[in-house]
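> please work out how this folds:
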Amino acid sequence: MAGAGMRDIKRRIKSVNSTRQITKAMELVASSKLRKARERMEVYRPYFNAVSGVVSEILGKSEGFKSEYVEGAREIKKTLYIVVAGDKGLCGGFNTNTFKLHTAVEKEKETEACIIPIGVKSVDYFGKRNYEIVRSYQGIGETITYAEAKDLSDEVLRMYRDGEIDEVYVIYTQFVSMISQQTKAARVLPISKADFEENIEQLTEESESVVGEGTPELFEVTVFTPNEEDFFNLFVPQYVESMIYGGLVESYASEQAARRTAMENASDNAKELIDQLTLFYNRARQAAITQEITEIVGGADALQ
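Sure, this is the predicted structure:
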């Protein structure tokens, strides 16, 4: 019996060690991808600063001008949610937290909803729940370009201008640090000054984010030709593009950071389990040796 127990323990040690090798490899892959994702965020920051700076200045200087992009221009009956999740699992609560936030926001809004799911997990989640899916994107997180984000933004803006939707939210995961990521719901359209300032604050003060530290630069003297309203309508599409692209690159970086942390924890847990199993194996081996010695001594005494 002891021999059978020792064989089982050795088999378990071998199995756990194989799992540890896999989780360690996944941790290293996630670290490499996270490094590239952070570099992409760094490259994007100046553009977001420039666009958001113009929009912020117009919102700060102008009061009461009319625009279809401004809050109050229409009654909100239907909301579009762009929900950014991961393409794979094994990243802790990353995907689950995204879907929980969407559920909470949708329940609070109580408007008709449609979805643009981004990521394999997001597509699978909403596909099984009978949501109206406008478009879906899978496997684009690692290779997403600004041009692809612009195509998505153009479709969203077309739907908004045509009255197919009245409100747009981007639900994504903000990259705060290597060990901390926070799910966020940013209302992109229609724009109110409060929503704009909240979005900027989320992306500037709380994280190592797509816009870096501080706030968008404002210029004391700016002359808009022909007027602020035309400039506002010109820059809102670029602001929407930048918000969508920012949510995508942040969520991808957050996914890799979450997976790296999850795999690191899994590797540490596997090592602890191997240590425990090794201890059990040594104790079982010692007990077996002691039993054999006892049997030998007992047999020798019986012969005397």
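
> might one say that Asn97 is in contact with Thr183?
Yes - using Cβ atoms under 8 Å, Asn97 is in contact with Thr183, at 4.8 Å. The C-beta positions use only the backbone N, C-alpha and C, and glycine is treated the same way.

> what touches both of those two?
Thr173 (Cβ atoms under 8 Å, 6 or more residues apart in numbering).

> which one's more surrounded, these two?
Shown here are Asn97 and Thr183; by other Cβ atoms under 10 Å, Thr183 has more neighbours (21 against 17).

> how about the contacts made by that one?
Going by Cβ under 8 Å, 6+ apart, Thr183 touches Asn97, Thr98, Lys100, Leu101, Ile171, Tyr172, Thr173, Gln174.

> then Tyr245?
Contacts of Tyr245 (Cβ under 8 Å, 6+ apart): Tyr44, Ile144, Tyr146, Ala149, Lys150.

> follow-up on the earlier one: farthest-separated two in the contacts of Thr183?
Farthest-apart pair in those is Lys100 and Gln174; separation 15.2 Å (Cβ to Cβ).

> which one's more surrounded, these two?
Each of Lys100 and Gln174 has its neighbours counted (other Cβ under 10 Å); Gln174 has more, 23 against 12.

> I'd say that one and Tyr252 touch.
No - in this structure Gln174 lies outside contact range of Tyr252 using Cβ under 8 Å: 11.9 Å.

> quick one, helices of the stretch 151-300 of the chain?
193-204, 228-303 (DSSP state H, counting those that start in this stretch).

> in TSV: those, plus distance to Lys107.
TSV is the format used below for the helices of the stretch 151-300 of the chain (distance: least, Cβ to Cβ, whole Å):
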stretch	distance to Lys107
helix 193-204	19
helix 228-303	21
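
> of those, which is nearest Asp162?
The nearest among the helices of the stretch 151-300 of the chain, by Cβ to Cβ, is helix 228-303 at 14.5 Å.

> how far out from the middle of the chain is the closest one?
Between the centre of helix 228-303 and the centre of its chain there are 19 Å (Cα atoms, centre = their mean, to the nearest Å).

> make 22 the starting number, not 1.
Sure, I'll start numbering at 22, so the last one becomes helix 249-324.

> so what are the domain limits for this protein?
Structurally, the chain divides into domains by automatic domain parsing as follows: 23-50+282-317, 53-279.

> reformat these as JSON lines; add mean pLDDT.
As requested, these are exported to JSON lines (pLDDT from 0 to 100):
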{"stretch": "domain 23-50+282-317", "mean pLDDT": "82"}
{"stretch": "domain 53-279", "mean pLDDT": "80"}
